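Engineer: Sequence and predicted structure, then a few things I'm wondering about:
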Amino acid sequence: MFGPLRAGRLAAGRGTVGLQLLSRLFSSLPIIDVGPLVAENSDLAERQAVGAQLHIACRDVGFFYIKNHGIPESTYGKVLTEAQRWFNLPENIKEQIKITPQSHYRGYQRLGANVTRYEGGFQRDWHEGIDLYKEEDIGDVEAQGRPASPIHGRNQWPHQLPSFEAILRTYIESMLTLSAKIARGIALGLDLKEDYFDGQLAGDSYWVTRVIHYPPLSEGTQHRGEDGGITAEASDAAQGAVVDRSVQLSCGEHTDYGMLTMVNQTPDMTALQVRNAQGEWVPAAPIPGTFVCNIGDMYKVWTNGLYQPTVHRVINSHPSASRISIPFFFEPNFEATVRPLPQFCPPGEQPKHAPVRYGTHLESKVLNNFEL
Ligand SMILES: O=C(O)CCC(=O)C(=O)O
Ligand SMILES: [Fe+2]
C-alpha cells in the first residue's frame, strides 16, 4: 500500500514530475467511501485508511466521487428541483437579485454573463447562475482591523421562491460540515495532524456556492444547428473531442481556485468532463448517492505541486433537457496565508509557489469572472 507517510518523502524526491504525469493518465475517477470521516465515533485507523485513498486520488487524478457522505437525498435532491423551478421564473424576476459590483459580486448572473478567459480573449459560458459566499458585514470586518474587500457583504438569496431559499440554506450548512470533514481526511492523507486545516487556515472557510443552470447548448448562439439541434462540433466535444478555446461551451475549461469542490448534479445527464495528462476528456457521469469532488489551487501551493488542480469543462449536448449543478466550494479563511509546507520542499531548493493570501487570490479571480 502507498501509505500516507510516504507522501512527504516522494514529494521531496527527484523525478516527481515525471512520475506524476505518468500517474495522471486516469481513464475513470475513483469512488471513495468517506463513511469513517463522517461517523461520530470511527477509529483513527479507519479515518487514516480513507485519508490514504484520498491521497492517491488527489495526487493521481485531482477528482474523485464520495459515497456514504451522510447527506440525505431530501437535501441534495430537493435543492436541484427547487433550483430548476427558480430558473424557470421570468428573467425580470430573476434580475431582481442581479449580480453587480454594488452587490459584492453576489447574486444572479444571466446567461452568458460568466466568462472563461484564455490567452487573447474570452468566451461567454452558456449558463446562468446564482453566486453565494460566506456572509460578513463590512462594518464587522473593519471592526476586526481587516481591510474591506469588494467581495465582502451579504448574499442576495433567491427569496422569490421561499421554499428554495430555505432548502438552499440547509444544503449549504450540510455541505460546509461535510467538506470540513473531507479536508480532515485529506490532512491525514498528507500525514498532517487531522485538524491541520482547522483554525487559522480553513476553520472559518470563505465558502462559495454556485447554483448553475445549463440550458442545452443547442439554444446557445454558436451551437444552434440548422435543424434546431446541436452542431457537430458541440456533439463531438460532448464525446470528448478537443475543441478550440474560442468555441462556446456550457462552461469552458478551467481549474478551481480554492481547496475542495463538491458537485451536486442533475442525475442521468453526463456533462462534466475532466482532462487527463494525455489531454483526453474523461466523463464525470453522475453516480446516484455520490458527489463529484475535486481539489483547487490551494492544495497545489500547500503540497508544493504534489497535488495539482485538474482541468475540467461542462458540455450539455442534450437536445432539449436542462442540467442543474450546485457546486459547493470549501475554501480557506479569507485572511489565511497559504504557503508550501516545508516537508514538501526539497532541502536547498526554492519552493515552487510564493505564499498567497487566500482573499487576494479569490478577488483576482472573481473580479475577472464576468462581462456584466
Ligand atoms: O457544473 C459542473 O459540473 C461543474 C461546474 C464547475 O466546474 C465550476 O463551477 O467550477
Ligand atoms: Fe470548476
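Structural biologist: Nice, thanks for sending it over. Numbering: from 1, shown residues only. Ligands and ions are numbered 1, 2, ... in the order given.
Engineer: Provide the partner residues of the residue of the stretch 151-300 of the chain found nearest ligand 1 in its beta bridges.
Structural biologist: In the stretch 151-300 of the chain, the residue found nearest to ligand 1 is residue 272; the distance is 3.7 Å by C-beta to the nearest ligand atom. (Each C-beta comes from the backbone N, C-alpha and C, glycine too.) With DSSP bridges as the criterion, residue 272 is bridged to residue 314.
Engineer: Roughly how far does it sit from residue 194?
Structural biologist: Distance of residue 272 to residue 194, given as C-beta to C-beta, to the nearest Å: 30 Å.
Engineer: Kindly report the same for residue 368.
Structural biologist: From residue 368 to residue 194 the distance is 35 Å (C-beta to C-beta).
Engineer: In terms of neighbours, single out the busier of those two.
Structural biologist: residue 194 (17 against 11; other C-beta atoms under 10 Å).
Engineer: can you give me the helices for this protein?
Structural biologist: Ranges of helices within the chain are 6-12, 16-23, 35-38, 44-60, 73-87, 91-94, 138-143, 162-189, 232-238, 297-302, 358-366, based on DSSP state H.
Engineer: In terms of mean pLDDT, which of those helices ranks lowest?
Structural biologist: Among these, helix 6-12 carries the lowest mean pLDDT, a mean of 35.
Engineer: Grab the nearest non-local neighbour of the residue of the stretch 201-350 of the chain found nearest ligand 1.
Structural biologist: Residue nearest to ligand 1 within the stretch 201-350 of the chain: residue 325 (3.3 Å; C-beta to the nearest ligand atom). In space, residue 325 comes closest to residue 265 once its chain neighbours are excluded; the distance is 4.3 Å by C-beta to C-beta, 6 or more residues apart in numbering.
Engineer: Could you double-check that that neighbour lies in contact with residue 324?
Structural biologist: Yes - with contact defined as C-beta atoms under 8 Å, residue 265 counts as touching residue 324 (7.3 Å).
Engineer: can you list residues touching both of these two?
Structural biologist: Residues touching both residue 265 and residue 324 by C-beta atoms under 8 Å, 6 or more residues apart in numbering: residue 80.
Engineer: more crowded one of these two?
Structural biologist: residue 265 (26 against 22).
Engineer: State the pLDDT value of the more buried one.
Structural biologist: On the pLDDT scale, residue 265 gets 98.
Engineer: Residue 137 too?
Structural biologist: Residue 137 is given a pLDDT of 92.
Engineer: count of neighbours near it?
Structural biologist: Residue 137 has 11 nearby residues by other C-beta under 10 Å.
Engineer: Next, the contact list for it, please.
Structural biologist: Counting by C-beta under 8 Å, 6+ apart, residue 137 touches 152, 153, 154.
Engineer: Let me see the backbone angles for the second one.
Structural biologist: Taking degrees, to the nearest 10, you get phi 150, psi -160 for the backbone angles of residue 153.
Engineer: any idea of the pLDDT on the nearest residue to it once chain neighbours are set aside?
Structural biologist: Take residue 153 and drop its neighbours on the chain: the residue closest to it by C-beta to C-beta, 6+ apart is residue 104, 3.4 Å away. In this prediction, residue 104 carries a pLDDT score of 95.
Engineer: ok, back up a step: now, of the contacts of residue 137, which are buried?
Structural biologist: Among the contacts of residue 137, those buried by neighbour count (16 or more other C-beta atoms under 10 Å) are 152, 153.
Engineer: Residue 84 contacts residue 214, doesn't it?
Structural biologist: No - Residue 84 is beyond contact range of residue 214, at 11.0 Å (criterion: C-beta under 8 Å).
Engineer: ok, those two, which is more surrounded?
Structural biologist: Using other C-beta under 10 Å, the more surrounded residue of residue 84 and residue 214 is residue 214, with 28 against 14.
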